[in-house]
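Peer 1: Have a look at this prediction, sequence included:
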Amino acid sequence: MQRLFIVLGVAFVMTSCGNQGKSGSNGDPAYQLTGNIEGLETGWVYLYHPEQGQQVPDSAKIEQGKFVFKGEAAHPEFVLLGYDQGGQKRFPLGFFIEGGEIGLKGNIDSLFKADITGSAAQEDLKKFNEMRRPIDEKQRQLYEDYQAAAMSGDEQKSLQVQKDYELLEEEGKQLVARFVKENPASYVSAFQLAQNFSYDIVPSQLEPLYNALDEKVKASHFGKAIKEGLDAAKTTAVGSAAPDFTLEDVNGKPVSLAAFKGKYTLVDFWASWCGPCRQENPTVVKAYQNYKSKGFDILGVSLDEKKDKWEQAIKQDKLEWTQVSDLKGWESDVAGLYGVKAIPMNYLLDKDGKIIAKSLRGADLIKKLGELLD
């Protein structure tokens, strides 16, 4: 199983900050968020602004069971609300704020279900989430099925769950496409496009939907993120020459992708902290062992930040091929160059350095190499 259930814990990949347009019924970007969380009558709550690239979240003290945040949102902005638990900050609630009076009521045990009022964009998000509810319920059931199959060692069942999920994922994309066409002026349309189409972007699918968005939405944070992803995807489309790059290996020696010309090469993006990547590594090892003597090589590109963790994972997973990294995590220049928004992700190059396939996982990787090299 690769990225099957990563989406159940939503991850947001932020690339740039939009700052166009005005929000609020009177064009005033100022907002006041007043909240009450049952079961959290004292302490502090935190408001994280990922669109702004914020490192330290805003904080507000709970007084008489209530808290207040004040700020400005030039356009509807997606934020995360959290609190302290066991010495760590948890952010279970994501929602839209915009200029005006925003209200929040919830329960500490189900904060992700909190009721948010005063934001038109949030109302759009509620509408979308209600439309998507049947898909979410099916996803949760598939997750339970996969867990049971994994515990019992039923590989055939696991593969069937993967196929079922891929069909469900496509159903989700069709839902997003319909929502975008019906709501081109909604910031939620750009938000959902970024969340559902950012992995392994297919320009022919995403570009018409992006073009349908209103200009103000294109200029928003998520609109810009989509455009950047599209541009990168066109650069790394099948049939394109793979962008060259140079990174240092574990010994600090510069390694260039261009040096791999003359062999079929898999550019493999992964990280030691990525569970699905580590689960996929045995398949990649098998591919390397089977075909390294037939003109096949691999260049691993890690999105790690800590060198010791990276080196430890290489040793544990028996990754014998060349590994490089700039140790910048998601800020990796090469990940940006290739438009990588989720891992594991790979690109298979022919002997001339042209991309001939991408996102090959499990049996698909072995099958493709067999077609080329057997």
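Peer 2: Sure thing, it's come through.
Peer 1: all helices in this protein, in order from the N-terminus.
Peer 2: 120-152, 155-182, 187-197, 203-212, 215-218, 221-235, 275-291, 307-316, 333-338, 363-373 (DSSP state H).
Peer 1: Among these, which comes closest to Gly100?
Peer 2: Proximity to Gly100 (Cβ to Cβ) singles out helix 120-152 among the helices of the chain, at 9.2 Å. Any C-beta I mention is one placed from the backbone N, CA and C, and that applies to glycine too.
Peer 1: Which residues belonging to that closest one are considered buried?
Peer 2: For helix 120-152, the neighbour count (16 or more other Cβ atoms under 10 Å) marks 120-122, 124-126, 128, 132, 138-139, 142, 145-146, 149 as buried.
Peer 1: just these now: which is nearest Phe260?
Peer 2: The shortest approach to Phe260 among the buried residues of helix 120-152 belongs to Tyr146, at 35.3 Å (Cβ to Cβ).
Peer 1: Look up how far Asp317 lies from the closest residue to the closest one other than its chain neighbours.
Peer 2: Spatially, and ignoring its direct neighbours in sequence, Tyr146 is nearest to Val161 (4.6 Å; Cβ to Cβ, 6 or more residues apart in numbering). Noted for Val161: a distance of 24 Å to Asp317, by Cβ to Cβ, to the nearest Å.
Peer 1: Between those two, tell me which one has more neighbours.
Peer 2: Between Val161 and Asp317, counted using other Cβ atoms under 10 Å, the more crowded position is Val161 (24 against 17).
Peer 1: Just want to check the distance between the more buried one and Gly239.
Peer 2: Counting by Cβ to Cβ, the gap from Val161 to Gly239 is 32 Å.
Peer 1: shaky segments in the protein?
Peer 2: Low-confidence segments of the chain, defined by pLDDT under 70: 1-27.
Peer 1: Domains in it, by residue range?
Peer 2: Split into domains by automatic domain parsing, the chain comes to 20-118, 122-235, 246-373.
Peer 1: Buried residues in stretch 180-198, which are they?
Peer 2: The neighbour-count check on stretch 180-198 (16+ other Cβ under 10 Å) flags 180, 183-184, 186-198 as buried.
Peer 1: Check stretch 162-171 too.
Peer 2: Within stretch 162-171, judged by 16+ other Cβ under 10 Å, the buried ones are 162, 164-165, 168-169.
Peer 1: Same question for stretch 362-374.
Peer 2: 365-366, 368-369, 372.
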